[in-house]
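Trainee: using only what follows, build the 3D model:
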Amino acid sequence: MAKRGRPSDCKPEFADQAAKLCRLGATDLEISDFFGKDERTINRWKKDHPDFCQALKDGKLVSDMDVADRLHQRALGFEYEEAQAHKLKTVEYKDGKRLKETERLEIIMVKRVVPPDTTACIFWLKNRRKVEWRERQEAPQKGDDDASEVITLEISDKS
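Mentor: Here you go, the predicted structure:
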């Protein structure tokens, strides 16, 4: 039985183009805009063309891995080198008179340190270690096995 409706206008080269867009961080909506289509059309292409769907997944995975790597670096802190331009001036004198003045630009490499970022650490841990790092701690409810245990604290004032 033949498919009904008009044939898909998804071309094989669209998969490579979509993958490149995804590696740049494009969303499905932005991809649909690139191709001049509605987002529903992109979703239909994903269902009807497995190679197109896989290209999107692969491109998004590369982009997500890059972001995860940068977040990880930010959480741990890192070092990098930065090129800085410095203007150097040379003035020549003879018998107290200024003879010649020359300027030159020198590029030097400066080591920079970015300290660990607490917010990035917290974000990483809340996503990677959800149970240990969630903000809300749940107290046992009545009827729970742990609710029968009572902890007594004694506070004495020895002043």
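
Trainee: what score does the residue of the chain positioned farthest from its centre have for pLDDT?
Mentor: For the chain, the largest distance from the centre (C-alpha atoms, centre = their mean) belongs to residue 95, which lies 62.4 Å off. On pLDDT, residue 95 comes in at 87.

Trainee: and for residue 151?
Mentor: 58.

Trainee: can you check residue 156 too?
Mentor: 54.

Trainee: again with residue 87
Mentor: At residue 87, the pLDDT recorded in the model is 94.

Trainee: now do the contacts for it.
Mentor: Contact analysis of residue 87 by C-beta atoms under 8 Å, 6 or more residues apart in numbering lists 103-106. For glycine as for every other residue, the C-beta is placed from the backbone atoms N, C-alpha and C.

Trainee: now these as JSON lines including distance to residue 80, secondary structure and neighbour count?
Mentor: Shown next, in JSON lines, are these (distance: C-beta to C-beta, whole Å; DSSP: H, G, I helix; E, B strand; the rest coil; neighbours: other C-beta atoms under 10 Å):
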{"residue": "103", "distance to residue 80": "29", "secondary structure": "strand", "neighbour count": "9"}
{"residue": "104", "distance to residue 80": "26", "secondary structure": "strand", "neighbour count": "9"}
{"residue": "105", "distance to residue 80": "22", "secondary structure": "strand", "neighbour count": "8"}
{"residue": "106", "distance to residue 80": "20", "secondary structure": "strand", "neighbour count": "9"}
